[in-house]
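Trainee: Sequence isn't available, so here's the structure alone:
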């Protein structure tokens with residue numbers, strides 16, 4: 001598997017393709033990520049056509065076990081985010 005694409009590399013790629021100022025591109029990428037975070041927090045979902053959908057949902061409390069003491073504990077509920085890839089991107093990744 002290849003290495004992970006970082007935010008700095010995204011900025012560099014957009015900078016090279018757009019010909020804009022690197023600082024301006026960084027501000028735009030940060031703004032886009034802030035908008036995405038806010039959408040997931042407020043609406044619990046974010047759809048990017050042709051790419052996929054980010055969805056946040058509450059996981060209910062559940063039973064767990066402390067591995068050091070084998071004591072049963074209740075793990076509190078939490079909010080998790082899942083990504084569902086779009087059909088279009090899935091077929092691009094796995095052509096038949």
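Mentor: Yep, it's here. The shown structure was predicted, so the numbers you read here are calculated from the model rather than taken from an experiment.
Trainee: So, low pLDDT: which residues of this structure?
Mentor: For the chain, residues meeting the criterion pLDDT under 70 lie at 1.
Trainee: How is it partitioned into domains?
Mentor: 1-43, 47-95 (the TED database).
Trainee: Distance from the chain centre to the shortest one, please.
Mentor: Average the C-alpha atoms of domain 1-43, do the same for its chain, and the two points are 13 Å apart (C-alpha atoms, centre = their mean, to the nearest Å).
Trainee: a markdown table for the domains of the chain, including mean neighbour count?
Mentor: C-beta: built from backbone N, CA, C; applies to glycine. Compiled in a markdown table, these are given as follows (neighbours: other C-beta atoms under 10 Å):
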| stretch | mean neighbour count |
| --- | --- |
| domain 1-43 | 12 |
| domain 47-95 | 11 |
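Trainee: Show me where the chain has its strands.
Mentor: 45-48, 52-59, 62-65, 72-75, 78-85 (DSSP state E).
Trainee: Any chance of those strands in CSV with distance to residue 6 as columns?
Mentor: Converted to CSV, the strands of the chain look like this (distance: least, C-beta to C-beta, whole Å):
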stretch, distance to residue 6
strand 45-48, 19
strand 52-59, 19
strand 62-65, 33
strand 72-75, 31
strand 78-85, 18
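Trainee: between those, which gets nearest to residue 4?
Mentor: strand 78-85 (14.8 Å; C-beta to C-beta).
Trainee: Partner strands of the closest one, with direction?
Mentor: In the sheet, strand 78-85 lines up against strand 52-59 (antiparallel) (DSSP bridges).
Trainee: give me the beta-bridge partners of residue 46?
Mentor: For residue 46, the beta-bridge partners under DSSP bridges are residue 54.
Trainee: actually residue 62, not the one I wrote
Mentor: Beta-bridge partners of residue 62, as defined by DSSP bridges: residue 75.
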